[in-house]
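Peer 1: sequence and computational prediction follow.
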Protein chains: 2
Amino acid sequence: MGSRKNILYLFDVDGTLTKPRQRISEELKTFLLNEVKTRVKVGLVSGSDYSKIVEQMDGEEITNQFDYVFCENGVVQYQQGQLKSTESILNYIGEQTLQRVINFALGYMSQLELPSKRGNFVEFRSSMLNICPVGRSCSQSEREEFSKFDMQHGIRAKFVEALQNEFKDSKLTFALGGQISVDVFPTGWDKTYCLTHVADEKFTEIHFFGDKTTIGGNDYEIYNDDRTIGHKVTSPEDTKEQLKKWLNIE
Amino acid sequence: MGSRKNILYLFDVDGTLTKPRQRISEELKTFLLNEVKTRVKVGLVSGSDYSKIVEQMDGEEITNQFDYVFCENGVVQYQQGQLKSTESILNYIGEQTLQRVINFALGYMSQLELPSKRGNFVEFRSSMLNICPVGRSCSQSEREEFSKFDMQHGIRAKFVEALQNEFKDSKLTFALGGQISVDVFPTGWDKTYCLTHVADEKFTEIHFFGDKTTIGGNDYEIYNDDRTIGHKVTSPEDTKEQLKKWLNIE
Ligand SMILES: [Mg+2]
Ligand SMILES: [Mg+2]
Ligand SMILES: [Mg+2]
Ligand SMILES: [Mg+2]
């Protein structure tokens, strides 16, 4: 690997290396390891936790061959299967503010009548709170039903607005997350967070590939960051094509 | 197995066949299969779901050798690893009542300030809602801290009382669950529920072994039910000793 250039290629996972919520293909796996990793350093950066990344990347063996694995936007960092560093929203904002946010969210959700409500309305992660009015344990059809209802009634948009109003002086960002959730995280803990971990490496170029690069998407900030060269992709196949072009692979 | 008597031995899992929250020992496993199952029919009845039972019983292979596996008190029934029957609280009380209960619980919890609050305050299962003021994703030390706080301040007892008042005309039971939760389930969906599944077998005796047989414990109803001969045990070792005595095993 001594011949690899001092360049980093960073990849979003879901929608970029895999189809949404699916596993990476054998073909792309082989291509990344044999053609890309031999030329440049490679890293993953996802909003998901380590176990979810490993699942989508089809196992720990392949995951651990990436030079960097940034979980939860880099708030949790793995290298060769070992936890290398971690921060937490609890540590950052403290128990009191955390409880104020949780209690406000519980109170707000207690007023909502929806097509269905199930369980797990608040998911606590290292880097964020994921708040879900329908409950994350809903079925696929209940998820879709809520999503449709949300588009008609702006349930989540109004929820985000209420949270922003209530906590306008906090260091927290409130945003739509995925199809059914509201994400709460410290301002700046988007995917650009991971870039602080590689600052010392002084890469001559950092390329980022992601599918959700427009405003409100979870790749928006890192894609537009001055420290990266951003590539918008539409599918894993598109990612491969763009990699071939940029790295001059026949 | 033709020589087995038409007698059923039913076992609670946690605290009865295993130490609390641990796995069954090799010794007890062997004893149950070689000495007990050869003499009578055997069944498991637990408040947990199938995957949790399999975990505590140390795998599917052993679990599936029991003649009956009653998950969630029998609301979900497995036989030879296959789902045999299932009912659900949603089906039973309907979406509207379910949401009234969930919303009341969310609103109530939004008023609580505790030593810590994490995530997963409402867990939705086939047979019940598990409501947890500290959040089920708390750490072990946070769990213990809440439990201590709860004993001092009666957080859960007051919560149960409020739920009972609000839903006094419903077909629901509200009760303390485990160390940190409040359980909500249709009245009668305690462990006696599983007995309806074996009524047709006309067993001459149904023995039940459990560790939480006093009032408020999750073995109380089945232990005291007229259809069973109840055995109170204090540990897996005690279960084995009582089995030896009752089955005349040297
Ligand atoms: Mg993506
Ligand atoms: Mg950029
Ligand atoms: Mg027990
Ligand atoms: Mg009895």
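Peer 2: It's in. Worth saying up front: this structure is predicted, and the values here are computed from it rather than measured. Numbers count the residues shown, from 1 in each chain, chains lettered A, B, ... in the order given. Ligands and ions are numbered 1, 2, ... in the order given.
Peer 1: which single residue in chain A comes nearest to ligand 4?
Peer 2: As assessed by Cβ to the ion, ligand 4 sits closest to A:G119 within chain A, at 32.9 Å. For glycine as for every other residue, the C-beta is placed from the backbone atoms N, C-alpha and C.
Peer 1: assumed that residue was part of a strand.
Peer 2: No - A:G119 is assigned coil when assessed by DSSP: H, G, I helix; E, B strand; the rest coil, not a strand.
Peer 1: ok, now how distant is it from ligand 3?
Peer 2: 23 Å (Cβ to the ion, to the nearest Å).
Peer 1: contacting residues around that residue?
Peer 2: By Cβ atoms under 8 Å, 6 or more residues apart in numbering or on different chains, the contact list for A:G119 reads A:G135, A:R136, A:S137, B:N120, B:V122, B:E123, B:F124, B:R125, B:L129, B:N130.
Peer 1: would you format those as JSON lines with neighbour count included?
Peer 2: Output for the contacts of A:G119, formatted as JSON lines (neighbours: other Cβ atoms under 10 Å in any protein chain shown):
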{"residue": "A:G135", "neighbour count": "25"}
{"residue": "A:R136", "neighbour count": "20"}
{"residue": "A:S137", "neighbour count": "16"}
{"residue": "B:N120", "neighbour count": "21"}
{"residue": "B:V122", "neighbour count": "26"}
{"residue": "B:E123", "neighbour count": "19"}
{"residue": "B:F124", "neighbour count": "21"}
{"residue": "B:R125", "neighbour count": "20"}
{"residue": "B:L129", "neighbour count": "25"}
{"residue": "B:N130", "neighbour count": "22"}
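Peer 1: can you pull up the most central residue in chain A?
Peer 2: A:G47 (2.1 Å; Cα atoms, centre = their mean).
Peer 1: isn't that residue right next to A:E72, touching?
Peer 2: Yes - checked against Cβ atoms under 8 Å, the pair A:G47 and A:E72 is within contact range at 6.4 Å.
Peer 1: need the longest helix for chain A.
Peer 2: helix A:89-109 (DSSP state H).
Peer 1: just after that one, pick out the following helix or strand.
Peer 2: Per DSSP states H and E, the first helix or strand lying C-terminal to helix A:89-109 is strand A:122-124.
Peer 1: A:Y68 reaches A:L10, doesn't it?
Peer 2: Yes - between A:Y68 and A:L10 there is a contact at 7.5 Å, judged by Cβ under 8 Å.
Peer 1: who has more neighbours, the two?
Peer 2: A:L10 (27 against 20; other Cβ atoms under 10 Å in any protein chain shown).
Peer 1: circling back to that earlier point, okay, and the common contacts of A:Y68 and A:L10?
Peer 2: With Cβ under 8 Å, 6+ apart as the test, A:Y68 and A:L10 both reach A:V42, A:G43, A:L44, A:V45, A:C194.
Peer 1: show me what the helix or strand hosting the first one packs onto, helices and strands only.
Peer 2: Just to be clear, that refers to A:V42. For A:V42, the element it lies in under DSSP H and E is strand A:41-45. Applying 3 or more Cβ pairs under 8 Å, 6 or more residues apart in numbering or on different chains; DSSP states H and E, we find strand A:41-45 packed against strand A:7-11, strand A:68-71.
Peer 1: which of these sits closest to A:F104?
Peer 2: Closest of these to A:F104 is strand A:68-71, at 27.3 Å (criterion: Cβ to Cβ).
Peer 1: average pLDDT for that closest one?
Peer 2: For strand A:68-71, mean pLDDT rounds to 98.
Peer 1: again with stretch A:53-60
Peer 2: 97.
Peer 1: how about stretch A:226-245?
Peer 2: 98.
Peer 1: could you find the closest non-adjacent residue to A:Y78?
Peer 2: A:V69 (4.2 Å; Cβ to Cβ, 6 or more residues apart in numbering or on different chains).
Peer 1: send the alpha carbons of the lowest-mean-pLDDT helix or strand in chain A over as CSV?
Peer 2: The weakest-scoring helix or strand in chain A, judged by mean pLDDT, DSSP states H and E, is strand A:172-177 (a mean of 91). The C-alpha trace of strand A:172-177 is given here as CSV (Å, rounded to 0.1, in the frame of the first residue of the first chain):
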residue,chain,number,x,y,z
LEU,A,172,-28.8,21.7,19.3
THR,A,173,-30.0,21.2,15.7
PHE,A,174,-33.4,19.7,15.0
ALA,A,175,-34.0,18.2,11.5
LEU,A,176,-36.2,15.8,9.6
GLY,A,177,-34.5,12.3,9.7
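Peer 1: that strand pairs with which strands, parallel or anti?
Peer 2: Using DSSP bridges, strand A:172-177 pairs in its sheet with strand A:181-186 (antiparallel).
Peer 1: export the contacts of A:G119 to JSON lines and tack on distance to A:K5 and pLDDT?
Peer 2: JSON lines is the format used below for these (distance: Cβ to Cβ, whole Å; pLDDT from 0 to 100):
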{"residue": "A:G135", "distance to A:K5": "47", "pLDDT": "98"}
{"residue": "A:R136", "distance to A:K5": "42", "pLDDT": "96"}
{"residue": "A:S137", "distance to A:K5": "46", "pLDDT": "95"}
{"residue": "B:N120", "distance to A:K5": "45", "pLDDT": "97"}
{"residue": "B:V122", "distance to A:K5": "51", "pLDDT": "98"}
{"residue": "B:E123", "distance to A:K5": "50", "pLDDT": "96"}
{"residue": "B:F124", "distance to A:K5": "51", "pLDDT": "95"}
{"residue": "B:R125", "distance to A:K5": "53", "pLDDT": "93"}
{"residue": "B:L129", "distance to A:K5": "56", "pLDDT": "96"}
{"residue": "B:N130", "distance to A:K5": "53", "pLDDT": "96"}
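Peer 1: with respect to B:K37, which of those is nearest?
Peer 2: B:R125 (28.7 Å).
Peer 1: just how off-centre is the helix or strand hosting A:Q152 within its chain?
Peer 2: A:Q152 belongs to helix A:140-153 when assigned by DSSP H and E. Its chain's C-alpha centre and that of helix A:140-153 lie 22 Å apart, by Cα atoms, centre = their mean, to the nearest Å.
Peer 1: average pLDDT across it?
Peer 2: 97.
Peer 1: packing partners of the helix or strand following it?
Peer 2: On the C-terminal side of helix A:140-153, the nearest following helix or strand under DSSP H and E is helix A:155-166. Packing partners of helix A:155-166 (3+ Cβ pairs under 8 Å, 6+ apart): helix A:89-109, strand A:172-177, strand A:181-186.
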